[in-house]
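Chemist: Based on what follows, work out the 3D shape:
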Amino acid sequence: LKEAYAAIPERAGPRRSRAKKRERNRQRTIRFIQKTYKDNLVAAHSRKMEDRSRVAKESRVVRNTAERVRESEREYQNFILERSIAMSAAAKENSIL
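Modeler: Residues are numbered from 1 along each chain as shown. Reported below is the predicted structural model:
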């Protein structure tokens, strides 16, 4: 056995196959983490833009209906004012008699 073992040449240097495997796994993990991070950023941006679009659409609806609301409020205020004037005029007529 000693002769057989003596005939086997010594290793010329470290093989480092495990180090290569570890580095490959490390790089794969890093790329996966970066990919999921980017996907999360894109998804967050999409959610933010959808919310922004919704708010803009709601604001547009309010702006479009605001003229009608102001007009109806003006009519109501005029109605109340005329009624108040009529009531005060009637009260003055009754107090004079």
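Chemist: switch to C-alpha atoms for all contacts and neighbour counts from now on
Modeler: OK.
Chemist: what about Asp51, distance to His45?
Modeler: As for Asp51, its distance to His45 is 10 Å (criterion: CA to CA, to the nearest Å).
Chemist: got it, and Arg22?
Modeler: In terms of CA to CA, Arg22 sits 35 Å off from His45.
Chemist: Kindly report the same for Arg18.
Modeler: Taken as CA to CA, the span from Arg18 to His45 is 41 Å.
Chemist: which residue ranges form the helices in the chain?
Modeler: Here the chain has its helices, by DSSP state H, at 2-7, 17-96.
Chemist: Could you provide those helices in TSV, with additional columns for mean neighbour count?
Modeler: As requested, the helices of the chain are arranged in TSV below (neighbours: other CA atoms under 10 Å):
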stretch	mean neighbour count
helix 2-7	8
helix 17-96	12
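Chemist: Now render these as JSON lines, adding mean pLDDT.
Modeler: Below are the helices of the chain laid out as JSON lines (pLDDT from 0 to 100):
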{"stretch": "helix 2-7", "mean pLDDT": "92"}
{"stretch": "helix 17-96", "mean pLDDT": "94"}
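Chemist: Show the contacting residues for Arg83.
Modeler: For Arg83, the contact set (CA atoms under 8 Å, 6 or more residues apart in numbering) is empty.
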